[in-house]
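**Student:** Using only what follows, build the 3D model:
(2 chains)
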Amino acid sequence: MNIQVDLQESDKVLKGYVRGEIDAHTAPVLREKLEPYQNIESLNAELDLSDVDYMDSTGLGVFVAFYKSVNSQGGHLKLSGLSARLKRLFDITGLGDIMDIESAGKGGI
Amino acid sequence: MRPFDYVEMRVPAKSQYVGVARLTISGLASRIGFSYDDIEDLKIASSEAVTNAVQHAYSGDEDGEVVIGCALYGDKIEIMVADHGQSFNFEETKAKVGPYHDQAEGDFLREGGLGLYLIETLMDEVKVHHQEGVTVFMTKYVGGEQVEEDVETISS
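**Tutor:** Numbers count the residues shown, from 1 in each chain, chains lettered A, B, ... in the order given. As a prediction, this is how the structure comes out:
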């Protein structure tokens, strides 16, 4: 039940990679790691979730909050590499229509 | 003899045990023959329920415990999650939980938010019981198609 979050920012471009399981225990870790970037103006963020093998509403909550603050600063957040399971989670909650998400394999390697 | 096998877990109301409960339920579900997708649904639904219970139990002043009861039938799994420490009589509690009313459970809904919505979407039946804490009772039936044995052969 672990999570790994790697984030690199330069010149308002944030590239991130998340690996592991996002649940009630690990979501706070993710939230904390993202926090320093949420108030950067016009941030262009892309988070690669291709190695996230479990996520529930706690993870959705973190991404929605980050999406909101990035958006309010005129920036953009994209979530990429979503497995069919993750994609489904965004779709059944209606978040897939609002947020910029990209499934794994789509225009892939 | 009971028509089901019953497995009960009692865990501290701490977030690190949500994953333990999820993995245990995943293991139980695979024994009954749920498909991969159904097991993933069960993992999310049970995590949501346990997460809610952990948060509820936390609001009390003592170190809380969460009790998770699973009844395994041939064609379904019933999962009960309670945020109060007492071990429950599964049949008795099951008889008490009524259909879930939007108005009465408004508070729980608001607190549970997206979590309860996911539980309702991913499980076949959901009931919530409010008495000495909150008990969520949820059921999922094994899907009609029994494809699990072929899945690997096809993909490999």
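
**Student:** and residue 29, what element?
**Tutor:** If you meant another chain, say so; for now it's chain A. Per DSSP states H and E: residue A:29 is located in helix A:27-34.

**Student:** Can you look at chain B instead?
**Tutor:** helix B:18-32.

**Student:** any idea what sits nearest residue A:99, other than its immediate chain neighbours?
**Tutor:** Leaving aside its chain neighbours, residue A:99 sits nearest to residue A:67 (5.6 Å; criterion: CB to CB, 6 or more residues apart in numbering or on different chains). The C-beta positions use only the backbone N, C-alpha and C, and glycine is treated the same way.

**Student:** My error: substitute residue A:29 in the last question.
**Tutor:** With CB to CB, 6+ apart, the residue lying closest to residue A:29 is residue A:3, at 5.5 Å.

**Student:** ok, now which ones touch that neighbour?
**Tutor:** A:18-22, A:26, A:29-30 (CB atoms under 8 Å, 6 or more residues apart in numbering or on different chains).

**Student:** hey, what's it bridged with?
**Tutor:** residue A:20 (DSSP bridges).

**Student:** and the lengthiest helix in chain A, which residues are buried?
**Tutor:** Criterion DSSP state H: the longest helix present in chain A is helix A:57-72. For helix A:57-72, the neighbour count (16 or more other CB atoms under 10 Å in any protein chain shown) marks A:57-64, A:66-67, A:69-70 as buried.

**Student:** how big is the angle separating it from helix B:18-32?
**Tutor:** 130 degrees (axes from the mean of the first three to the mean of the last three CA atoms, to 10 degrees).

**Student:** which residues make contact with whichever helix or strand comes after the helix holding residue A:29 from outside it?
**Tutor:** Next in sequence after helix A:27-34, counting helices and strands by DSSP H and E, comes strand A:44-55. Identification of contacts with strand A:44-55 by CB under 8 Å, 6+ apart yields A:12-23, A:37, A:59, A:63, A:66, A:70, A:75-83, A:86, A:89, A:104, B:22, B:43.

**Student:** Which members of the residues you listed are classed as buried?
**Tutor:** With burial judged by 16+ other CB under 10 Å, the buried subset of those is A:14, A:16-23, A:37, A:59, A:63, A:66, A:70, A:75, A:77, A:79-83, A:86, A:89, A:104, B:22, B:43.

**Student:** which residue packs closest to residue A:74, ignoring adjacent ones?
**Tutor:** residue A:42 (4.8 Å).

**Student:** measure that neighbour to residue A:70 for me?
**Tutor:** 9 Å (CB to CB, to the nearest Å).

**Student:** And for residue A:89?
**Tutor:** The gap separating residue A:89 from residue A:70 is 20 Å, by CB to CB.

**Student:** ok, back up a step: what number of residues lie near the residue nearest to residue A:74?
**Tutor:** By the measure other CB atoms under 10 Å in any protein chain shown, the count of residues near residue A:42 is 10.
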